[in-house]
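[1] Need a 3D model of the following:
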Amino acid sequence: MTVAARGSWSLRRRLVVGIVGLLAVVSVVVGVSSVVALRQTLMARLDEQVMDAASRAAGPLQGAPQAEGDQPGNRIGTLVLRTRDGVVVRAEYVTESGVDVELTDAQIAQLRALDLGQQPMTVDLGELGEFRVGARELPGRDDVAIAGLPTAEVTATTSNLALIFALVTLAALVVAALAGTQVVRVALRPLDRVTATARRVAELPLARGQVALAERVPDSDPRTEVGQVGAAFNRMLEHVESSLRARQDSEEKVRQFVADASHELRTPLASIRGYSELTRRSGLELPDDIVYALARIESESVRMTSLVEELLLLARLDAGQELAHGTVDLVPLIADAVSDAHAASPEHDWRIETGEDPLVVTGDANRLHQVVANLLANARVHTPAGTVVTVSLVRAGDDAVLTVADDGPGIPAALRPVLFERFARGDGSRSRGTGSTGLGLAIVAAVVEAHRGSVALESDSAGARFVVRLPLARPEQ
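    Numbers count the residues shown, from 1 in each chain. All right, here's what the predicted structure looks like:
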């Protein structure tokens, strides 16, 4: 398993795996230590028995040669090899049925070849199995008694113990994993509540409007680690709430200022426009430079009036005002807007694609007409003559989808993220110097959002596509 895969584990999994892993290590250490200690104890006892058997086998020889070394007390499984003056006088093995069986020449040779010292050693005698053998030498002559006992009993005992430890350890690990999962789940339950609170906060609409963060983590006891996290999270929420409240107050002041300023500027701008137009049409003989200046004053006052009206509209939309609610059929609305755009710019190729069935939405007809008009004006202003502008309207589920597409030069990638922000303007590649205020698309976004819809941009070298989705009006039951 890679480090990256382990790094993606949850805290719950890490704790459970850590607990089970630690228990496994401790169990293995205890089990191995116990088995090794038991084997050493059993082998030490077996060595004592081997040396006792060797001592008995080294006793005085009596009777006939066939009975030499026939000493009582040899248990089942004992083997004895006795030599006298280099000659084997006894070589036998006691079987499980208590019968003495002669050792083979190969086994005798293997035993005599052993370099036996003061301590017994282990030797494998083939079909007889593994034996622990020891020797006693009689001083002053070549008289050796070798005795051995099988290690099968020691091996079986230690193997059984190891198996028991393995089974018990496995069962303990399973129980520890199940119990540890429950314990960790209960211990981390306060952390789950922190996560749930964070998710609820993440779903709150914090981007705009009045924000009230009533969510708090219930576990904030500073005496626990999770409580410290909860307390820190609550302090962060309080800080965010105060910051959002301050931001909202500042935005409200700015909106109110823009609305008040726009409202107050309309009257003097209308007066400037009216007086300049009145002076220009008075019939008096005025110098050409004065006539030009008056015309410029009149045109700039018109442009300034349009800007003020758009700012006032945005301010009222931000405040949730300026919208009338009724049923609006988008098909004739789009037809009228395209007709107006064709009259304003006949050098463009205007095309419309709508079905015959009406598509009715609930909203403000004038503002929705303004949305279409602004999108068409954007295509007219920022594309060269001869550009094909296609307006399509289709039904997509419960929405009406309006698309305004052109085959112009497209929109620069750097401008796309801020295109619907206020006073966003394109560079010279799309602008024809018509004095755009940069508020048209911002009004489109604000009006569509006020109608619970959405607007998106798709642009490449083949042109730009503005896609507006508006929820259709529900039929009366």
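[2] ok, then the element right after the one helix or strand V389 maps to?
    Using DSSP states H and E, V389 falls within strand 388-396. Going down the chain from strand 388-396, the next helix or strand is strand 399-406, by DSSP H and E.
[3] re earlier: pLDDT of the strand holding V389, averaged?
    The average of the pLDDT scores along strand 388-396 is 88.
[4] Ok, stretch 134-153 next?
    80.
[5] can I get the CA coordinates of that stretch in CSV?
    Output in CSV follows, covering the C-alpha atoms of stretch 134-153 (Å, rounded to 0.1, in the frame of the first residue of the first chain):
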residue,chain,number,x,y,z
GLY,A,134,23.8,-37.3,25.0
ALA,A,135,26.8,-39.4,25.9
ARG,A,136,28.6,-40.7,29.0
GLU,A,137,32.2,-41.8,28.7
LEU,A,138,33.8,-44.2,31.2
PRO,A,139,37.3,-42.9,32.1
GLY,A,140,40.4,-44.9,31.2
ARG,A,141,38.9,-46.9,28.4
ASP,A,142,37.1,-46.7,25.1
ASP,A,143,33.7,-47.3,26.7
VAL,A,144,30.9,-44.9,25.6
ALA,A,145,27.1,-44.9,26.3
ILE,A,146,24.9,-42.8,24.1
ALA,A,147,21.3,-42.3,24.9
GLY,A,148,18.6,-40.3,23.2
LEU,A,149,14.9,-39.3,23.5
PRO,A,150,12.6,-38.1,20.7
THR,A,151,11.8,-34.4,20.5
ALA,A,152,8.4,-35.0,18.9
GLU,A,153,6.6,-34.5,22.2
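[6] Name the next helix or strand following the helix or strand harbouring V447 along the chain.
    Following DSSP H and E, one finds V447 within helix 440-450. Per DSSP H and E, the first helix or strand lying C-terminal to helix 440-450 is strand 454-460.
[7] That following strand vs strand 399-406, what angle?
    Interaxial angle, strand 454-460 versus strand 399-406 (axes from the mean of the first three to the mean of the last three C-alpha atoms, to 10 degrees): 30 degrees.
[8] What strands flank strand 454-460, and is each parallel or antiparallel?
    strand 463-471 (antiparallel) (DSSP bridges).
[9] buried residues in the strand it pairs with?
    Neighbour-count burial for strand 463-471, counted by 16 or more other C-beta atoms under 10 Å, picks out 463-466, 468-471. For every residue, glycine as well, the C-beta is placed using N, CA and C.
[10] want to throw the residues you listed into TSV with distance to G397 and pLDDT?
    As requested, the buried residues of strand 463-471 are exported to TSV (distance: C-beta to C-beta, whole Å; pLDDT from 0 to 100):
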residue	distance to G397	pLDDT
G463	26	82
A464	25	86
R465	19	87
F466	20	89
V468	15	90
R469	10	89
L470	12	89
P471	10	89
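[11] I'd like to know which of these is nearest to R281.
    F466 (40.5 Å; C-beta to C-beta).
[12] For that closest one, which non-adjacent residue is closest in space?
    Nearest residue to F466 in three dimensions, chain neighbours excluded: V404, at 4.7 Å (C-beta to C-beta, 6 or more residues apart in numbering).
[13] For the one you found, give me its contacts.
    Residues near V404 by C-beta atoms under 8 Å, 6 or more residues apart in numbering: 372, 375-376, 379, 389-391, 465-466, 468.
[14] Please tell me how far D219 sits from L11.
    16 Å (C-beta to C-beta, to the nearest Å).
[15] Could you check which of those two has the larger neighbour count?
    Neighbours per residue (other C-beta atoms under 10 Å) separate D219 from L11, with D219 holding more: 20 against 10.
[16] my guess is that one is in a helix, correct?
    No: under DSSP: H, G, I helix; E, B strand; the rest coil, D219 falls outside any helix and is assigned coil.
[17] How much space separates it from L191?
    Taking C-beta to C-beta, one finds D219 at 8 Å from L191.
[18] what sits in contact with each of those two?
    V226.
[19] With respect to R45, which of the buried residues of strand 463-471 is nearest?
    R469 (88.8 Å).
[20] Now for the closest one: which residues touch it?
    When contacts are counted by C-beta under 8 Å, 6+ apart, R469 touches 396, 399-402, 453-455.
[21] This structure: strands as residue ranges?
    79-84, 87-94, 100-102, 121-124, 130-138, 143-150, 326-329, 349-354, 360-363, 388-396, 399-406, 454-460, 463-471 (DSSP state E).
[22] want to throw those strands into JSON lines with distance to A293?
    Putting the strands of the chain into JSON lines (distance: least, C-beta to C-beta, whole Å) gives the following:
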{"stretch": "strand 79-84", "distance to A293": "133"}
{"stretch": "strand 87-94", "distance to A293": "134"}
{"stretch": "strand 100-102", "distance to A293": "137"}
{"stretch": "strand 121-124", "distance to A293": "121"}
{"stretch": "strand 130-138", "distance to A293": "121"}
{"stretch": "strand 143-150", "distance to A293": "126"}
{"stretch": "strand 326-329", "distance to A293": "44"}
{"stretch": "strand 349-354", "distance to A293": "37"}
{"stretch": "strand 360-363", "distance to A293": "43"}
{"stretch": "strand 388-396", "distance to A293": "37"}
{"stretch": "strand 399-406", "distance to A293": "37"}
{"stretch": "strand 454-460", "distance to A293": "40"}
{"stretch": "strand 463-471", "distance to A293": "38"}
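[23] To what extent is I76 buried, counted in neighbours?
    13.
[24] hang on, I meant D192
    13.
[25] Kindly report the same for S276.
    The number of residues packed near S276 is 20, by other C-beta under 10 Å.
[26] Ok, G230 next?
    By other C-beta under 10 Å, the burial measure for G230, its neighbour count, is 23.
[27] Who are the contact partners of the nearest residue to it once chain neighbours are set aside?
    Of all residues not flanking G230 in the chain, V217 sits nearest, at 3.7 Å (C-beta to C-beta, 6+ apart). Shown in contact with V217 (C-beta under 8 Å, 6+ apart): 193-194, 197, 230-231, 233-234.
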